[in-house]
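S.K.: Predicted model and sequence follow; I will ask about them next.
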Amino acid sequence: MRLLNTILAAFLFVALTGQVQAESALKDILKNGELKVGTTGDWNPMTMKDPATNTYKGYDIDVMKALAKDLGVKLKFVATDWKTLVSGVVAGNYHLTGSASISPPRMKVAGFSESYISVEIRPFTTSDKINRFNGWDSINKANVNVSATLGTTFEKYVRSWFPKANIRIIEAPALQHQEVISGRSDVFVTSNIEGGTLKKKFSNVREIPVASARSPSPIAMLLPQSDQVWINYVNNWIKVKKKKGFFSANAKKWGL
């Protein structure tokens, strides 16, 4: 009987522990009246941080403001960077993140919302170097320096695509395009979204002509992998906002 009681107690402990662990982020958000969002603040025009005012603006920021408003809670942005973006949501530092590329490595440890926008990857250089490049193969040479930011999907791409080139990995808050603009590197790759914005902002940024862009990818929010209640809420919220035209209007606002 004592053994049976011990076994039953063990099962009860596991069950109760599972219930505690299974409490949804949605319940926490509604109980505390605050939605915590992890954002990098360095992906123009998705999320841009103004250091002077410690405020954010961008496509992602408008999405999160709308989500918090519909939840009826306050919005808190939690500063993060690309190398800790996933671990932050896994550790519970924030309830979800802004836009991130959906990728198999990330899917192993974190959940994703439904996608609401997609990107493709293109190469960029500066006006003084544009004549050196024509197509993807022209970048994959030993005398070419290619920059990428640590922890981003761009780091994975350049290591895979340009094994002969000199890969320069930098850490945030340094930015890969700044390395090229300053002359310390020759090429960076980024999404068509950010690339278009950078060409408008910096007169010497040029897109390298290629036959076709690479790695078309849906992007979405990162969420805790096991929190299906929260994932379901966000997914259904995205569906509703799509039907009402919010995402298309927001994309138009930010030139996407």
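M.R.: Thanks, I have it.

S.K.: where are the low-confidence patches of the protein?
M.R.: 1-22 (pLDDT under 70).

S.K.: Quickly list the domain ranges of it.
M.R.: Listed by automatic domain parsing, the domain ranges of the chain are 24-117+217-253, 120-215.

S.K.: Can I get the ones you listed in CSV including mean neighbour count?
M.R.: To be clear about C-beta, it is placed using only N, CA and C from the backbone, and glycine gets the same treatment. Output for these, formatted as CSV (neighbours: other CB atoms under 10 Å):
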stretch, mean neighbour count
domain 24-117+217-253, 18
domain 120-215, 18
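
S.K.: residues in contact with the residue nearest to residue 143 when sequence neighbours are not counted?
M.R.: Of all residues not flanking residue 143 in the chain, residue 166 sits nearest, at 7.9 Å (CB to CB, 6 or more residues apart in numbering). Residues in contact with residue 166 (CB atoms under 8 Å, 6 or more residues apart in numbering) are 142, 143, 144, 145, 146.

S.K.: was I right about the third one contacting residue 168?
M.R.: Translated: residue 144. No: using CB atoms under 8 Å, residue 144 is not in contact with residue 168; the gap is 10.5 Å.

S.K.: those helices in this structure, which residues are they?
M.R.: Secondary structure of the chain (DSSP state H): helices at 2-21, 25-32, 59-71, 85-91, 104-107, 153-161, 176-181, 192-201, 228-243, 246-253.

S.K.: Figure out which of those is closest to residue 115.
M.R.: For these, proximity to residue 115 was assessed by CB to CB; helix 228-243 is nearest, at 8.6 Å.

S.K.: Export the closest one to PDB, keeping only CA atoms.
M.R.: Extracted in PDB, the C-alpha atoms of helix 228-243 (Å, rounded to 0.1, in the frame of the first residue of the first chain):
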ATOM      1  CA  GLN A 228      -0.500  26.100 -28.200                       C
ATOM      2  CA  VAL A 229      -3.100  28.400 -26.600                       C
ATOM      3  CA  TRP A 230      -1.000  31.500 -27.200                       C
ATOM      4  CA  ILE A 231       0.000  30.300 -30.700                       C
ATOM      5  CA  ASN A 232      -3.700  29.700 -31.600                       C
ATOM      6  CA  TYR A 233      -4.700  33.200 -30.400                       C
ATOM      7  CA  VAL A 234      -2.000  34.900 -32.400                       C
ATOM      8  CA  ASN A 235      -2.700  32.800 -35.500                       C
ATOM      9  CA  ASN A 236      -6.400  33.600 -35.400                       C
ATOM     10  CA  TRP A 237      -5.600  37.300 -34.700                       C
ATOM     11  CA  ILE A 238      -3.500  37.300 -37.900                       C
ATOM     12  CA  LYS A 239      -6.300  35.800 -39.900                       C
ATOM     13  CA  VAL A 240      -8.800  38.400 -38.700                       C
ATOM     14  CA  LYS A 241      -6.400  41.300 -39.300                       C
ATOM     15  CA  LYS A 242      -5.600  40.000 -42.800                       C
ATOM     16  CA  LYS A 243      -9.300  39.900 -43.600                       C
END
